[in-house]
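Q: Starting from these lines, generate the structure:
(one chain, ligands or ions: 1)
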Amino acid sequence: MPQAEVQTLAMVIDRWPFRDSDWVVLLLTPRVGMVTALARGARGSRRRFAGSLELLVLSRVRLRPPRGGGMHQVLEAEIVQGFPGFWEDLVRLETGQGLLLLSRDLLREAPVTEEVFERVREAVGRLEVAPRESAHGVLWQAALDLLACLGHPPHQDRCPHCGKTATEWEAAALGPDGVLRCGDCAGGTDRRFSARALDPGSGRWPGDRRETERLLSLWVSGILGRPWALPGH
Ligand SMILES: [Zn+2]
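A: Alright, predicted model coming up:
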């Protein structure tokens, strides 16, 4: 018996051209989590999905679940909200793409709850209007939010080396293994930064854009247990 169709909000997290005129899209949704879906004719006709399967837009989609294995199928899609700010500034656009990549890889094996979806959606909205010089800070904050939501809070309660309570840390350090420790226990190859950067509300970031993105890459590598990097690192 065919499964019921699903109507849900969705954001395209990644996509690949398929055959002559189709897209295969990776969709992040609050209702069915992260799913791969085939959008027939999406590349062949501009009217068919009218921009709703672009990156960095929020859409409403109607999906037909796969029969047995395989992909969902996108039956209909329409834009709910566009984020035109991304197309006004290259740095912002790159940071937005970084957020999608981060979401794709962190959420691939995680349960995508409605809360997780909302975090990503909010982060996209904040990034769209971020000044170019602080867009990396917004990305950093979004990553902290997302990690906390997935059960990886920004830091453990205590330094794994000396046991000092995290609230007393002045500096934090991230080792090449992606494990955080207090700044006093930092080794030669660790990246040190202000411990305030771990407090999402503090508005303090570990450094400039490149340093922030390097730190984020290192951290996510530690969580995923494999090398991971934002584009350009
Ligand atoms: Zn320590």
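Q: what residues does stretch 63-70 touch?
A: 2-8, 27, 32, 35, 37, 72-75 (Cβ atoms under 8 Å, 6 or more residues apart in numbering). In this view, the C-beta of every residue, glycine as well, is placed from N, C-alpha and C.
Q: So what would you say the end-to-end distance of that stretch is?
A: Taking Cα to Cα, to the nearest Å, stretch 63-70 runs 13 Å from one end to the other.
Q: List the buried residues in it.
A: Under the neighbour-count criterion of 16 or more other Cβ atoms under 10 Å, stretch 63-70 has 63-65 buried.
Q: Can I get those residues in JSON lines including secondary structure and pLDDT?
A: Shown next, in JSON lines, are these (DSSP: H, G, I helix; E, B strand; the rest coil; pLDDT from 0 to 100):
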{"residue": "63", "secondary structure": "strand", "pLDDT": "97"}
{"residue": "64", "secondary structure": "strand", "pLDDT": "97"}
{"residue": "65", "secondary structure": "coil", "pLDDT": "94"}
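Q: What is the top strand by length along the chain packed up against?
A: Longest strand in the chain, counting residues (DSSP state E): strand 6-18. With contacts taken as 3 or more Cβ pairs under 8 Å, 6 or more residues apart in numbering; DSSP states H and E, strand 6-18 sits against strand 22-29, strand 57-64, helix 90-107, helix 114-128.
Q: of all the buried residues of stretch 63-70, which comes closest to the ion?
A: residue 63 (48.5 Å; Cβ to the ion).
Q: For the closest one, give the beta-bridge partners.
A: residue 6, residue 74 (DSSP bridges).
Q: Enumerate every residue touching the residue nearest to residue 39 when sequence neighbours are not counted.
A: Using Cβ to Cβ, 6 or more residues apart in numbering and skipping residues adjacent in sequence, the residue nearest residue 39 is residue 74, 4.1 Å away. By Cβ under 8 Å, 6+ apart, the contact set of residue 74 is 25, 37-40, 42, 49, 53, 61-63.
Q: By mean pLDDT, which helix or strand of this structure comes out lowest?
A: helix 46-49 (a mean of 81; mean pLDDT, DSSP states H and E).
Q: Please save the CA atoms from it in CSV.
A: Written as CSV, here are the backbone C-alpha positions of helix 46-49 (Å, rounded to 0.1, in the frame of the first residue of the first chain):
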residue,chain,number,x,y,z
ARG,A,46,11.9,27.4,-14.2
ARG,A,47,8.2,27.4,-13.5
ARG,A,48,8.0,23.8,-12.1
PHE,A,49,9.3,24.6,-8.6
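Q: Can you list the buried residues in that helix?
A: 48-49.
Q: For stretch 6-23, list every residue counted as buried.
A: 6, 8-15, 18, 22-23.
Q: export these to a markdown table and tack on distance to residue 192?
A: Below are these laid out as a markdown table (distance: Cβ to Cβ, whole Å):
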| residue | distance to residue 192 |
| --- | --- |
| 6 | 47 |
| 8 | 43 |
| 9 | 40 |
| 10 | 40 |
| 11 | 35 |
| 12 | 37 |
| 13 | 33 |
| 14 | 34 |
| 15 | 38 |
| 18 | 46 |
| 22 | 48 |
| 23 | 44 |
